[in-house]
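Undergrad: can you look at this prediction? I've put the sequence above it.
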Amino acid sequence: MSRHDHDHDHAHEHTGADHAGHGHDGHGHGPGGHSHGVDPDADRRWLAIALALIGGFMAVEVVIGVMAHSLALISDAAHMLTDAVSIVLALIAMRLAARPARGGFTYGLKRAEILSAQANGLTLLLLAVWLAYEAVRRLLDPPPVEGGLVLVTALAGIVVNVAAAWCISRANRSSLAVEGAYQHILNDLFAFIGTAVSGLIVLTTGFVQADAIATLVVVVLMVKAGYGLVRESGRIFLEAAPAHVDPDSVGDRLVAHVPVTEVHDLHIWTITSGQAALSAHVLVEPAGDCHAVRRELELLLAKEYGITHTTLQVDHVQDALLSVGRPGEDPEGADPHCADAHGPVHREGPHAH
């Protein structure tokens with residue numbers, strides 16, 4: 001078996017538009033294929049309905065908020081504006097992500113949805129800062145608030161946001177862009193509940209500061225949701241492993257598979273929401289079957305970690321040029337590919353991570 005002995009067999013099974021599996025040159029997508037959730041056209045339809053509900057009510061709420069002198073209502077309207085923007089971004093990201101990979105974009109434009117999610121998170125955080133400032137200012141110098149008008153409008157807003165949230169929940173929330181829009185709507189629903197409570201308090205007790213206090217409660221929820229979106233999208237942009245996958249554990253699991261003796265240059269990252277990818281250099285015993293090991297490891301990764309997009313370079317350990325940092329070896333004989341391993345080198349027995 002040669003040093004770079006690769007399996008050029010192709011196995012294609014098609015069910016509808018999905019690929020059940022294929023492998024070539026040590027590269028495979030595993031037996032599980034790709035699952036991209038529900039039909040993108042259905043997603044776009046549900047998002048468009050939610051956008052119409054949000055946009056229509058937002059225009060009405062701005063007028064009523066000004067008439068009632070209610071910061072809570074105006075903040076809700078501003079939040080609904082970011083809701084509408086988040087849905088528009090999700091719709092644009094869906095269309096871009098659906099474009100096939102070509103030219104310099106070898107993954108296509110799948111990360112457009114991650115850009116959308118990050119934009120949604122940042123708008124939530126920026127809006128929270130502005131609302132917090134306005135709320136504190138109104139706590140110190142509260143203007144008169146029309147409690148009855150605030151209460152009625154907030155109750156109507158709750159109905160609209162429940163309907164919009166239900167629409168978006170029907171879409172594929174495994175998409176970070178859709179999840180970002182959903183978090184916007186959900187936070188807006190909480191905001192309307194708080195506004196309704198504050199309107200009732202103002203109406204029954206005359207305590208106008210309740211309007212600003214309700215706004216501060218919403219600010220806390222916005223910061224929590226915004227931070228979560230920025231953190232998750234940031235992990236993907238920084239090529240971090242999926243949050244539920246520990247690369248060290250994966251490396252140890254691979255090297256424990258007979259006849260594997262070493263795994264290095266192990267990389268795990270996320271292409272876009274729900275699509276993890278892995279690449280690694282695997283060394284096997286001299287008598288090991290490189291092709292069989294590759295297929296077995298692909299099955300293992302798909303079954304135990306849900307990683308179906310894998311690129312594994314499998315070679316025999318007897319080729320000294322492909323070893324990494326082994327004591328007593330001639331450094332001049334090292335293969336430039338492995339002269340400096342990217343990350344930990346996983347071998348049998350205790351080793352540093």
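TA: That came through fine.

Undergrad: where exactly do the strands run in this protein?
TA: 14-15, 18-19, 23-24, 27-28, 260-272, 275-284, 309-316, 346-347 (DSSP state E).

Undergrad: the inter-axis angle of the longest one versus strand 275-284?
TA: Translated: strand 260-272. When axes from the mean of the first three to the mean of the last three C-alpha atoms, to 10 degrees is applied, the directions of strand 260-272 and strand 275-284 differ by 170 degrees.

Undergrad: for strand 260-272, buried residues please.
TA: Neighbour-count burial for strand 260-272, counted by 16 or more other C-beta atoms under 10 Å, picks out 260-266, 268-270, 272. Placement of C-beta: from N, CA and C, glycine included.

Undergrad: specify which member of these is nearest to Glu304.
TA: Taking C-beta to C-beta as the measure, Glu304 lies nearest Ile268 of the buried residues of strand 260-272, at 13.0 Å.

Undergrad: give me every residue that touches the closest one.
TA: 241-242, 245, 247, 250, 276-278, 307 (C-beta atoms under 8 Å, 6 or more residues apart in numbering).

Undergrad: the same query, at a cut-off of 6 Å, please.
TA: Going by C-beta atoms under 6 Å, 6 or more residues apart in numbering, Ile268 touches 241, 245, 247, 278.

Undergrad: okay, the third one: pLDDT?
TA: The one in question is Pro247. We note a pLDDT of 94 for Pro247 in this prediction.

Undergrad: Ala241 is in contact with that one, correct?
TA: Yes - assessed by C-beta atoms under 6 Å, Pro247 is found in contact with Ala241 at 5.1 Å.

Undergrad: and Arg45, what's its pLDDT?
TA: Taking Arg45 on its own, its pLDDT is 86.

Undergrad: measure it to Ile193 for me?
TA: Remark: distance between Arg45 and Ile193 (C-beta to C-beta, to the nearest Å) = 28 Å.

Undergrad: comparing those two, which residue is more hemmed in?
TA: Legend: neighbour count by other C-beta atoms under 10 Å for Arg45 and Ile193, higher for Ile193 (18 against 14).

Undergrad: chain neighbours aside, what residue packs nearest to the more buried one?
TA: Distance criterion C-beta to C-beta, 6 or more residues apart in numbering; nearest residue to Ile193, sequence neighbours excluded, is Ile158 at 6.2 Å.

Undergrad: pull the number of nearby residues for that neighbour.
TA: So Ile158, with other C-beta under 10 Å, has 18 neighbours.

Undergrad: touching, it and Phe192? I think so.
TA: Yes - using C-beta under 6 Å, Ile158 is in contact with Phe192, at 4.7 Å.

Undergrad: coming back round to it: now the contacts of Ile268 as TSV including distance to Arg95?
TA: Shown next, in TSV, are those (distance: C-beta to C-beta, whole Å):
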residue	distance to Arg95
Ala241	29
Val245	29
Pro247	33
Leu278	28
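
Undergrad: ChimeraX command to pick out the buried ones of those residues?
TA: Filtering the contacts of Ile268 down to the buried ones (16+ other C-beta under 10 Å) takes a single ChimeraX command:
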select :241,245,247,278
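
Undergrad: show only the entries of the contacts of Ile268 found in helices.
TA: Judged by DSSP state H, these include Pro247 as members of helices.

Undergrad: the residue nearest to Thr311 when sequence neighbours are not counted: how many residues sit nearby?
TA: Spatially, and ignoring its direct neighbours in sequence, Thr311 is nearest to Ser279 (4.1 Å; C-beta to C-beta, 6+ apart). Number of residues near Ser279 (other C-beta under 10 Å) recorded here: 16.

Undergrad: what separates Ser279 from Arg45, distance-wise?
TA: Distance from Ser279 to Arg45, counting by C-beta to C-beta: 37 Å.

Undergrad: before we move on, what about Ile158?
TA: In terms of C-beta to C-beta, Ile158 sits 24 Å off from Arg45.

Undergrad: what pLDDT does His12 get?
TA: Listed pLDDT for His12 reads 37.

Undergrad: do His257 as well
TA: 94.

Undergrad: ok, Val208 next?
TA: Looking at Val208, the pLDDT reads 85.

Undergrad: got the contact list for it?
TA: Going by C-beta under 6 Å, 6+ apart, Val208 touches 142, 145, 202.

Undergrad: mind checking which of those are buried?
TA: Neighbour counting with 16+ other C-beta under 10 Å marks 142, 145, 202 as buried within the contacts of Val208.

Undergrad: so what's the residue count around Pro304?
TA: Slight slip there: residue 304 is Glu, not Pro. 11.

Undergrad: how about the nearest residue to it, chain neighbours excluded?
TA: Arg253 (7.1 Å).

Undergrad: give the rounded mean pLDDT of stretch 131-148.
TA: 84.

Undergrad: for that stretch, list the C-alpha coordinates in CSV.
TA: Output of stretch 131-148 as CSV, limited to C-alpha atoms (Å, rounded to 0.1, in the frame of the first residue of the first chain):
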residue,chain,number,x,y,z
LEU,A,131,-33.3,52.2,26.5
ALA,A,132,-31.5,51.8,29.8
TYR,A,133,-30.3,55.5,29.6
GLU,A,134,-33.8,56.7,28.8
ALA,A,135,-35.4,54.6,31.6
VAL,A,136,-33.0,56.0,34.2
ARG,A,137,-33.6,59.5,33.0
ARG,A,138,-37.4,59.0,33.4
LEU,A,139,-37.0,57.4,36.8
LEU,A,140,-35.4,60.7,38.0
ASP,A,141,-37.8,63.0,36.1
PRO,A,142,-40.9,61.0,35.2
PRO,A,143,-43.3,62.5,32.6
PRO,A,144,-47.1,62.0,32.9
VAL,A,145,-48.2,58.7,31.4
GLU,A,146,-51.6,57.7,30.1
GLY,A,147,-52.0,54.3,31.9
GLY,A,148,-55.2,53.3,30.2
